[in-house]
Each structure stands twice: as structure tokens, then as C-alpha cells.
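Participant: coordinates only, sequence not included:
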């Protein structure tokens with residue numbers, strides 16, 4: 001399931017979190033790696049569902065305004081939240097009261113945070129967000145108060161050339177894709193906003209947009225790999241991958257101790273010594289091996305084999321632009337694949353490349369080059 005977003009809006013660069021490259025996309029309105037000024041002007045936005053989805057009910061059209069790089073929605077629809085029936089079940093929030101378990105629902109509704117294509121988020125990964133706009137701080141409060149710290153991390157990406165609207169204003173088209181169920185693991189209140197640590201739990205498919213203001217909400221369903229036909233081949237490929245990743249981790253620790261990562265000043269006082277020394281790969285592997293301890297999201301957590309196939313796709317300290325681009329391409333493939341063995345076979349040579357690259361960096365470091 002994918003949704004289309006049509007908008008006429010300026011595009012500007014926002015420096016991304018280290019290891020994630022440069023994000024080129026409309027501002028995500030208060031969600032940033034760093035604050036950035038944006039274009040001024042008016043825009044029109046249209047949300048609709050794509051023809052390729054099996055269920056099609058309704059389109060929305062709203063007016064919006066861009067101020068200081070923030071896209072602010074002003075709804076022109078009769079209701080802000082639309083309740084719909086799917087297979088005899090009403091799509092509502094079912095994280096509190098008597099229906100407070102994700103596994104009880106076929107389709108559930110969650111708040112959504114949109115990101116650019118350079119920010120594809122995969123199960124097992126973690127990252128820190130800086131939320132500073134009022135409506136996204138409200139989203140955070142609702143996520144923690146009503147949704148057991150869960151929300152949908154979605155990607156908004158261009159889908160093709162725009163067209164002219166009836167009023168003569170051009171629009172650009174965007175897809176809402178690559179959904180990942182995310183859990184808020186830690187919140188640190190800052191002078192401006194909050195630093196929020198999140199973890200990817202499992203892939204999700206967006207069914208239908210249900211709310212536009214003050215932030216997006218959508219109904220979602222779980223997306224998991226098919227049951228493997230050759231379990232022995234999966235086990236063998238997984239053993240080989242884990243050996244490679246352990247070697248990568250051992251080398252990354254040597255680089256980590258010698259070269260402390262550059263921390264955005266906004267987070268410097270909030271990052272502990274342990275966090276500085278722990279690599280993204282180590283955090284991902286720890287979670288992938290243990291799984292999600294909270295049974296609320298159990299229905300959305302993939303198998304151990306699938307989790308470990310994603311755990312290999314973590315940012316590496318000191319990665320070159322080419323390596324960052326390669327990581328993004330591998331993440332895109334991994335999110336699309338529905339076969340665990342296919343993903344493991346794809347990830348294995350990538351992990352070997354990272355091992356060779358990291359070994360070379362350690363060798364240069366030992367020579368003080």
C-alpha cells in the first residue's frame with residue numbers, strides 16, 4: 001500500500017544525521033537532524049491513494065502554507081478523522097482500553113512521521129530525532145500516552161512530474177512508502193523540543209490515510225517475509241552472516257575508541273559515555289537476537305532470521321559518500337524483499353565489503369595515517 005501526496009513546495013537541503021547522507025526533501029515540519037531555514041510561499045497539497053492498492057475509498061484536498069521551511073496544513077475537509085470499515089472491522093486506535101493490543105487487530109491506526117527517501121528506516125535500527133515544532137511534540141505526547149510508544153515511520157518520495165491544478169498552480173507528486181513500525185525508546189527534553197531515540201520494530205504497509213491535522217495518521221497492517229522453503233539454507237546463510245558481522249563489530253570498536261563520533265551540539269549533553277562507545281551495528285544485533293520484549297507489538301515483530309538480515313544494514317563511522325549511498329540502496333532492496341534467504345544472500349557480500357573497508361581503516365589508523 002502506498003499513498004500519493006501532491007504538493008507545490010520548495011525543496012531544500014537538510015543535513016542529515018551522520019551516516020545518513022544529505023536529505024533533499026520538503027521540510028518535515030519540526031522533525032529534523034538540525035534546524036534549517038526554508039522557502040517562503042504558498043502551496044496546495046492533495047492526498048490520494050494510488051491505483052495499485054486493493055482498497056480505494058476517498059481522496060482529500062487541503063490548502064497549506066509554508067513558513068520558515070515548515071509545512072503547515074489547513075484542512076478543508078468536513079472531518080479530520082475518518083472511521084472506515086475493513087472486512088467488517090472498524091479501523092480505530094486500539095492501544096488502550098479493552099482492545100489495547102496490536103495483536104488483537106488486523107488493521108490499526110497510528111500517528112505517522114514523514115521522512116525523505118534518504119532516511120529509510122529498517123527494523124532493528126535506532127536513531128535520534130529532534131522534535132521541536134508544537135504539532136510534532138503533540139504527536140510525541142499522543143504516541144506515548146495512547147499508542148504505547150509506537151508510531152509509523154514513513155518515507156515521502158517523488159513519484160513523477162507534476163501537473164497543473166485548476167487554479168494554475170503546479171504540483172509535484174510524492175509517494176508515502178517504506179513504512180516501519182517504530183518505538184520511542186527514550187525521550188530527553190531539551191530547551192527547544194525533545195531528543196527522541198527510536199527503534200525500528202517491523203515493516204508495515206499503509207492502508208488508508210485517516211487524519212491530516214495536526215499531524216498525519218494512517219491505518220496500517222504488518223508486512224513480513226514469506227515462510228522460507230529451505231530452512232537449512234537460511235540457517236547456513238545466517239551463520240555465515242553473523243560471523244562476518246561479529247568481525248565487523250570487533251573492528252568498528254577499535255575505530256570507535258580511537259575516533260569518537262562527532263555529536264551534534266544539540267545532543268552533546270544528552271549522550272552518555274556508553275552510547276558513545278556502542279556502535280549502531282552492536283545495538284541492532286542485540287535487539288535482533290533478543291526480539292521485542294514488549295508483547296504489545298508482537299504481531300509486527302519479524303522472525304529472528306528476518307531481524308538479523310536487517311541488522312547488517314547499519315551506518316558505519318567514517319563512511320564515505322559512496323558507502324552511504326550503497327547502504328541506502330541495500331536498505332531499499334531489503335525493505336522490498338519478501339524472501340529471507342534472498343535478503344541474506346544480498347546482504348552477505350555487502351557485509352564482506354564493509355568488513356574489508358573497516359579493516360583497511362583500522363590498518364591506516366594503526367599507521368597514524
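Facilitator: Right, received. Where do you want to start? Just so you know, these numbers come straight off a predicted model, no measurement behind them.
Participant: and the closest residue to residue 220 other than its chain neighbours, how many neighbours?
Facilitator: Spatial nearest neighbour of residue 220, excluding adjacent residues (Cβ to Cβ, 6 or more residues apart in numbering): residue 204 at 4.4 Å. All C-beta atoms are positioned from the backbone trio N, CA, C, and that covers glycine. For residue 204, the number of neighbouring residues by other Cβ atoms under 10 Å comes to 24.
Participant: Who are the packing partners of the host helix or strand of residue 204?
Facilitator: According to DSSP states H and E, residue 204 maps onto strand 194-211. On a contact count with 3 or more Cβ pairs under 8 Å, 6 or more residues apart in numbering; DSSP states H and E, strand 194-211 meets strand 41-49, strand 126-131, helix 134-146, strand 150-164, strand 170-189, strand 217-222.
Participant: Kindly state the beta-bridge partners for the residue nearest to residue 220.
Facilitator: residue 222 (DSSP bridges).
Participant: which of the helices and strands packed on strand 194-211 sits most buried?
Facilitator: Across these, averaging neighbours per residue (mean count of other Cβ atoms under 10 Å) puts strand 217-222 on top, at a mean of 23.
Participant: Between strand 194-211 and it, find me the angle.
Facilitator: 90 degrees (axes from the mean of the first three to the mean of the last three Cα atoms, to 10 degrees).
Participant: And the protein, split by domain according to the record?
Facilitator: Following automatic domain parsing, the chain resolves into domains at 3-222, 231-366.
Participant: Go through these and find the least confident stretch.
Facilitator: Lowest mean pLDDT within these: domain 3-222, at a mean of 62.
Participant: and the helices and strands packed on strand 194-211 as a markdown table, adding distance to residue 287?
Facilitator: Below are the helices and strands packed on strand 194-211 laid out as a markdown table (distance: least, Cβ to Cβ, whole Å):
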| stretch | distance to residue 287 |
| --- | --- |
| strand 41-49 | 33 |
| strand 126-131 | 8 |
| helix 134-146 | 19 |
| strand 150-164 | 15 |
| strand 170-189 | 10 |
| strand 217-222 | 18 |
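Participant: right, and those - which one's nearest residue 197?
Facilitator: strand 170-189 (4.1 Å; Cβ to Cβ).
Participant: Sheet partners, orientation included, of that closest one?
Facilitator: strand 3-7 (antiparallel), strand 150-164 (antiparallel), strand 194-211 (antiparallel).
Participant: Pipe those strands into CSV and attach distance to residue 224 per row.
Facilitator: Converted to CSV, the strands paired with strand 170-189 look like this (distance: least, Cβ to Cβ, whole Å):
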stretch, distance to residue 224
strand 3-7, 21
strand 150-164, 16
strand 194-211, 7
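Participant: so which of the helices and strands packed on strand 194-211 comes closest to residue 317?
Facilitator: Comparing these by Cβ to Cβ, strand 126-131 comes nearest, at 14.4 Å.
Participant: tell me the angle of the closest one relative to strand 170-189?
Facilitator: Angle of strand 126-131 versus strand 170-189, following the same axes, to 10 degrees, is 100 degrees.
Participant: From residue 305, how far out is residue 315?
Facilitator: 22 Å (Cβ to Cβ, to the nearest Å).
Participant: next one: residue 124
Facilitator: Using Cβ to Cβ, residue 124 is found at 12 Å from residue 305.
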